[in-house]
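Novice: Just need the structure, nothing else, for what follows:
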Amino acid sequence: MSEKFKFLYSTEKKIFILCLLFKFIQSGVCSYGDRSNAFQNCMHWCGIKNCSNSTQLADFETNRPWYMTVLQWECWDECDYYCMWHTVKVFQYNGQGIPQFHGKWPFYRFCGIQEPASMIFSLLNGLVHFYMWKKFRSTVPKCPFSSVWNIQALLSVNAWFWSAVFHTRDVPLTEKLDYFCAFSMVLYSFYSLLNVIPQLKDISSGLLNSFGWLMWCYKHRHKHYVWKCAASVIAVNLLLLLELCDFPPWKFIIDAHALWHFGTIPVPFLWYSFLIEDCLNEMKDLGLCINLVKKMG
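Specialist: Numbers count the residues shown, from 1 in each chain. From the prediction side, this is the model:
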């Protein structure tokens, strides 16, 4: 297992780094939607009409649905959401493209959930990781690397959970939890790799790791389950293109980021299936070696 450990999951983590960098860069770019005169004027008059005194705020809280209260949609948040769509209509009426607001595309809200598609796909990713982790634990006996994969699986489930929370309600706290939990997977991967294989300090390219992992698959192509590993690596790298090919959301529901979340759902089925078969195969080979040593002794 140590031979493969130098590549395992480092590809996926590097992809997470690229995605995180892309997100930070994207959010750092000024969005012309919320900076437009249409949006600014709308926010000004909406605030005066609905959020400027205690009576208006009390009336807003009285008529606010319970789920909006739970998700902390305040009066100014409602103005922001209303003015976002007002501005979209103004841009469309003038023949302009759909603008971004606060670094994000406009999405239809459902029961207070800001990005329903990405939220659902994030939950499905987390459920798949949890399901395959349980299968891994029930199938593979305790072995030298089982704790590595157990911790990795728990970090994955945790990261996808906070991804779902973030896409439900985008506030500074949920944004930090989403990014930091995703990055915790990266840090854990680096911690494990640098402690077990120090020479990996010089590896800095996710594509190089992918190439090396695929070369390992080619070298061990005689093993019937290796195709699952190759398919996982190729799929994750191809799905990364969705994060780089940004476009306005279809029907204001699904954008490239949501499709990326959707596309990653089946990958854990292949990956954990490969881990299970490979661990069992490694343990079988280890058992044969131990028996051989005993006979020679």
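
Novice: What about Gln92, how many residues nearby?
Specialist: Residues lying near Gln92 (other Cβ atoms under 10 Å) number 12. (C-beta placed from N, C-alpha, C; glycine too.)

Novice: what's in contact with the helix or strand that it is a member of?
Specialist: Assessed by DSSP states H and E, Gln92 sits inside helix 75-93. By Cβ atoms under 8 Å, 6 or more residues apart in numbering, the residues outside helix 75-93 that reach it are 33-34, 36, 38-39, 42-43, 46-47, 50-51, 56-57, 60, 73, 97-99, 101, 106, 109.

Novice: Out of the residues you listed, name the ones that lie in helices.
Specialist: Among those, the members falling in helices (DSSP state H) are Ala38, Phe39, Cys42, Met43, Cys46, Gly47, Asn50, Gln56, Leu57, Phe60.

Novice: And the furthest pair within the residues you listed?
Specialist: Within these, Ala38 and Leu57 form the most distant pair, 25.0 Å apart (Cβ to Cβ).

Novice: Which one's more surrounded, these two?
Specialist: Ala38 (18 against 15).

Novice: what's the following helix or strand after the helix holding Gln92?
Specialist: helix 116-139.

Novice: I'd like the next helix or strand past that next one.
Specialist: Following helix 116-139 in sequence, per DSSP H and E, is helix 146-168.

Novice: got the angle between that following helix and helix 116-139?
Specialist: If you take axes from the mean of the first three to the mean of the last three Cα atoms, to 10 degrees, helix 146-168 sits at 160 degrees to helix 116-139.

Novice: hang on, the earlier thing: top of the ones in helices among the contacts of helix 75-93 by neighbour count?
Specialist: When neighbours are taken as other Cβ under 10 Å, the top entry among the ones in helices among the contacts of helix 75-93 is Phe39 (23 neighbours).

Novice: how about the helix holding Gln92: buried residues?
Specialist: 75, 77-81, 83-84, 86-88, 90-91 (16 or more other Cβ atoms under 10 Å).

Novice: before we move on, back to that, a markdown table for the ones in helices among the contacts of helix 75-93, including pLDDT and distance to Tyr218?
Specialist: Output for those, formatted as a markdown table (pLDDT from 0 to 100; distance: Cβ to Cβ, whole Å):
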| residue | pLDDT | distance to Tyr218 |
| --- | --- | --- |
| Ala38 | 94 | 56 |
| Phe39 | 94 | 54 |
| Cys42 | 94 | 58 |
| Met43 | 94 | 57 |
| Cys46 | 93 | 60 |
| Gly47 | 91 | 62 |
| Asn50 | 92 | 63 |
| Gln56 | 92 | 67 |
| Leu57 | 92 | 65 |
| Phe60 | 91 | 62 |
